[in-house]
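Participant: attaching a predicted model along with its sequence, questions to come.
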Amino acid sequence: MTIISKSIQIRSKGENDMLDLTEQISEFIGSSGISNGIVTIFVSGSTGSITTIEFEPGLVKDFPEMLSRIAPKDLDYGHEQMWHDGNGHSHVKASLVGPSLTVPFSNGEMLLGTWQQIVFLELDTRARTRNLVLHIIGE
Amino acid sequence: MTIISKSIQIRSKGENDMLDLTEQISEFIGSSGISNGIVTIFVSGSTGSITTIEFEPGLVKDFPEMLSRIAPKDLDYGHEQMWHDGNGHSHVKASLVGPSLTVPFSNGEMLLGTWQQIVFLELDTRARTRNLVLHIIGE
Amino acid sequence: MTIISKSIQIRSKGENDMLDLTEQISEFIGSSGISNGIVTIFVSGSTGSITTIEFEPGLVKDFPEMLSRIAPKDLDYGHEQMWHDGNGHSHVKASLVGPSLTVPFSNGEMLLGTWQQIVFLELDTRARTRNLVLHIIGE
């Protein structure tokens, strides 16, 4: 049994930018020499999220729009009253979707569906450099 | 330390069908001979989800209804404009609830609450055969 | 590779009480002697949730308010019709946020962002004693 962990940086282009991480994670698993196990993808930060989605231009728009219906930007957030940084809605959306995803893999391949990609979603109000952790346990 | 992984197929009856997986997962842990560890349950697919809930007829209806308030079927989805398969709402709900759940177990028993079951929720618009992965790491 | 697991009890003060677990989890990792791995935090129960958030007084109010917009207390829940315990909204919110979180750590430190804490959110309608599991796999 082996543990291999890697910190990566990605750059988002601004609020609601969705980035497909699937290939990068697949390559990390491939280069690890580990054939069966789990990979955990984690965002170090409280205004970004990880999930899976069919990564195509329609849903890249639909998923953030759904989150904006739940947590509109123009509500009166307690976070705004305290910190005046204009991203109360970003925080509550990120906590709802969550910062962590664990995916099993077998024979060096993640067991994703055909139309299922692993994505990072930028929920903060500006372009940001993001620290992610890719963590494998396996054999 | 041992890894044991199993692919299973389940059959949903249609949109919003919720299936209790708890017993099947418990039996898999029991038969593995592993006494302490974690089990990850993962849906290979982008229109189904895994979570825990008290599996009783009221909530089996309430949870999908809450998701339909967040993502009504009759909105104008970008996914629909691209693919015309009528399941834009299915995708965004599945990405929100998430495809992966990790549960610790001890002495061969998952550490669930008394009224807490592990469920698959079908969010696609039709009955489907689903591939799930049950992945155990433990000793 | 080692597994160490611990059950802890926490006490919530009532509905929407949010408790910062970060220090307690950090200390558990520190005392384990394990330097690299993952920690899974799991709530045994169907009306409480685990996520990460910037733990400050504004968001402590904003996050539960967002959940109450999604699942207002005064809707007609099937759970209520069956059980008359007044917490249908608690259950659906808990299933949405989720009971489980996995966080990687390195050199004995969780790889959280600076403003990112691990929290338990009480979603039931009263103060409760809660059983949580902290489960480490690492080396």
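Facilitator: Nice, I can see it. These numbers were taken from a predicted model, which means no experiment stands behind them.
Participant: show me the helices in chain A, by range?
Facilitator: A:22-32, A:57-70, A:78-83, A:88-97 (DSSP state H).
Participant: check which helices and strands the last one sits against.
Facilitator: Counting contacts by 3 or more C-beta pairs under 8 Å, 6 or more residues apart in numbering or on different chains; DSSP states H and E, helix A:88-97 is packed against strand A:48-53, helix A:57-70, helix A:78-83, helix B:88-97, strand C:48-53, helix C:57-70, helix C:88-97. For every residue, glycine as well, the C-beta is placed using N, CA and C.
Participant: wait, which of the ones you listed is closest to residue B:4?
Facilitator: For the helices and strands packed on helix A:88-97, the distance to residue B:4 is smallest for strand A:48-53, at 23.3 Å, taking C-beta to C-beta.
Participant: now tabulate the helices and strands packed on helix A:88-97 in CSV and tack on mean pLDDT, mean neighbour count and distance to residue A:117.
Facilitator: Formatted as CSV, the helices and strands packed on helix A:88-97 follow (pLDDT from 0 to 100; neighbours: other C-beta atoms under 10 Å in any protein chain shown; distance: least, C-beta to C-beta, whole Å):
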stretch, mean pLDDT, mean neighbour count, distance to residue A:117
strand A:48-53, 98, 25, 6
helix A:57-70, 98, 20, 10
helix A:78-83, 94, 17, 30
helix B:88-97, 98, 26, 10
strand C:48-53, 98, 25, 23
helix C:57-70, 98, 20, 26
helix C:88-97, 98, 26, 22
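Participant: for residue C:7, find the nearest of the ones you listed.
Facilitator: Nearest to residue C:7, of those and by C-beta to C-beta, is strand C:48-53 at 14.5 Å.
Participant: that closest one and chain B in contact?
Facilitator: No - Strand C:48-53 lies out of reach of chain B by C-beta under 8 Å from any C-beta of the partner chain, never closer than 8.9 Å.
Participant: what lies in contact with the helix or strand bottoming out on mean pLDDT in chain A?
Facilitator: One helix or strand of chain A scores below all others by mean pLDDT, DSSP states H and E: helix A:78-83, with a mean of 94. Contact partners of helix A:78-83, identified using C-beta atoms under 8 Å, 6 or more residues apart in numbering or on different chains, comprise A:85-88, A:91, C:54, C:56-62.
Participant: same thing but 10 Å
Facilitator: A:73, A:77, A:85-92, C:53-54, C:56-63, C:65, C:115 (C-beta atoms under 10 Å, 6 or more residues apart in numbering or on different chains).
Participant: beta partners for the residue nearest the centre of chain A?
Facilitator: Nearest residue to the geometric centre of chain A (C-alpha atoms, centre = their mean): residue A:50, 2.2 Å. Counting by DSSP bridges, residue A:50 is bridged to residue A:120.
Participant: residues contacting it?
Facilitator: A:21, A:40-43, A:94, A:97-101, A:118-121, A:132, B:98.
Participant: of all the helices of chain A, which lies closest to residue C:106?
Facilitator: Closest among those, using C-beta to C-beta: helix A:22-32, at 15.4 Å.
Participant: show me what that closest one is packed against.
Facilitator: Counting contacts by 3 or more C-beta pairs under 10 Å, 6 or more residues apart in numbering or on different chains; DSSP states H and E, helix A:22-32 packs against strand A:2-11, strand A:37-44, strand A:100-106, strand A:109-110, strand A:117-122, strand A:129-138.
Participant: right, and these - which one's nearest residue C:107?
Facilitator: Evaluated with C-beta to C-beta, the helices and strands packed on helix A:22-32 place strand A:2-11 nearest to residue C:107, the distance being 10.5 Å.
Participant: relative to helix A:22-32, how tilted is the closest one?
Facilitator: 150 degrees (axes from the mean of the first three to the mean of the last three C-alpha atoms, to 10 degrees).
Participant: and strand A:2-11, which strands flank it?
Facilitator: Here strand A:2-11 is paired, per DSSP bridges, with strand A:129-138 (antiparallel).
Participant: how about the CA coordinates for stretch A:29-38, as CSV?
Facilitator: The C-alpha trace of stretch A:29-38 is given here as CSV (Å, rounded to 0.1, in the frame of the first residue of the first chain):
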residue,chain,number,x,y,z
ILE,A,29,-2.6,8.3,-11.3
GLY,A,30,-0.8,6.9,-14.4
SER,A,31,2.6,8.2,-13.3
SER,A,32,2.2,7.0,-9.8
GLY,A,33,2.5,3.3,-10.7
ILE,A,34,-0.4,2.6,-8.4
SER,A,35,-3.1,0.5,-10.0
ASN,A,36,-6.0,0.2,-7.5
GLY,A,37,-7.0,2.7,-5.0
ILE,A,38,-8.8,6.0,-4.3
